[in-house]
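# Generate coordinates for the sequence data below:
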Amino acid sequence: MSANTAGGSAGQCTDLMNDFKVGKAIGATPRKQLVAQTLGIFVGSIVGVLAYMALIPDPQSMLLTEEWPAPAVATWKAVAQTLTHGLDSLSASIRWAIFIAGLTGLLLGVLDSTLPARRARYLPSAAALGLAFVLPASVSLMMALGAVLTWTVSCRWASLTERFAITAAAGLIAGESITGVGASLWQMFGNG
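Numbers count the residues shown, from 1 in each chain. You can find the predicted model right below:
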């Protein structure tokens, strides 16, 4: 439980730091962002619970389906089952995959620290590789397409990309999520 608390706290801190980075890119002050984040905790808690209860009234049967894949839920469910039943509950191929992925992550970390910057920049991102194995393929492919499009635009308009790429990506991600919730609510109320 303490590891879960520490991991959750670290994740929230990372999110807050990323928010500060985006806020700086669009000209927001850290103070205003902190106030907005704090208010967002209260509003988001209430709205999030109500939306979840409206969209997914029966999580046991609705989650981990094609309509609601919930990759984070699937990941933590697998972790909980493994911790409950032990590593022997995993097949040999899964244990080998964990071992190979661990070695790959270690190797990428060592290479990133030891290679000169001009060579290290060609290494794949360990975080991106990890996300690609957790998220559905459609999300991973859209992230890859977005990265290629951003790189293509940056080759022609570097200053424009530097200023707006992160903000545009964040807006697209938020827009997709809001549209998905809106479409689900529209369908739930019999309009679909």
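
# Which strand or helix spans Ala132?
Assigned by DSSP states H and E, Ala132 belongs to helix 126-134.

# Distance-wise, check Ala74 relative to Ala97.
16 Å (CB to CB, to the nearest Å). Where C-beta positions appear, they are placed from N, C-alpha and C, glycine not excepted.

# okay, the residue most central in space within the chain: pLDDT?
By CA atoms, centre = their mean, the chain has its centre lying nearest to Leu131, at 7.2 Å. In this model, Leu131 is scored at 79, pLDDT.

# thinking it is in contact with Met143, fair?
Yes. Taking CB atoms under 8 Å as the definition, Leu131 is a contact partner of Met143 at 7.5 Å.

# buried sites along the helix or strand following the helix holding Ala132?
For helix 126-134, the following helix or strand on the C-terminal side (DSSP H and E) is helix 137-156. Neighbour counts over helix 137-156 (16 or more other CB atoms under 10 Å) mark 139-140, 143, 150 as buried.

# do stretch 102-122 as well
Leu108.

# try stretch 19-30
Using 16+ other CB under 10 Å as the test for burial, stretch 19-30 gives 19, 23.

# contact partners of that stretch?
Under the contact criterion CB atoms under 8 Å, 6 or more residues apart in numbering, stretch 19-30 has outside partners 32-33, 37, 163, 166-167, 170.

# Kindly give a single PyMOL line that selects the buried subset of the residues you listed.
Typed into PyMOL, the line below selects the buried ones among the contacts of stretch 19-30, using 16+ other CB under 10 Å:
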select buried, resi 33+37+166
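
# Out of the contacts of stretch 19-30, give me the two with the largest separation.
Using CB to CB, those span at most 23.2 Å, a distance reached by Gln37 and Arg163.

# Which parts of the chain are helices?
2-26, 30-55, 59-62, 71-85, 92-114, 117-120, 126-134, 137-156, 158-188 (DSSP state H).

# Point out where the chain drops to low pLDDT.
1-5, 192 (pLDDT under 70).

# tell me the phi and psi of Arg121?
Backbone geometry at Arg121, expressed as degrees, to the nearest 10, gives phi -70, psi -20.

# same deal with the one 4 residues further on?
Per-residue torsions, Ser125: phi -70, psi 120 (degrees, to the nearest 10).

# from the contacts of stretch 19-30, which single one is nearest Val110?
Ile166 (28.3 Å).
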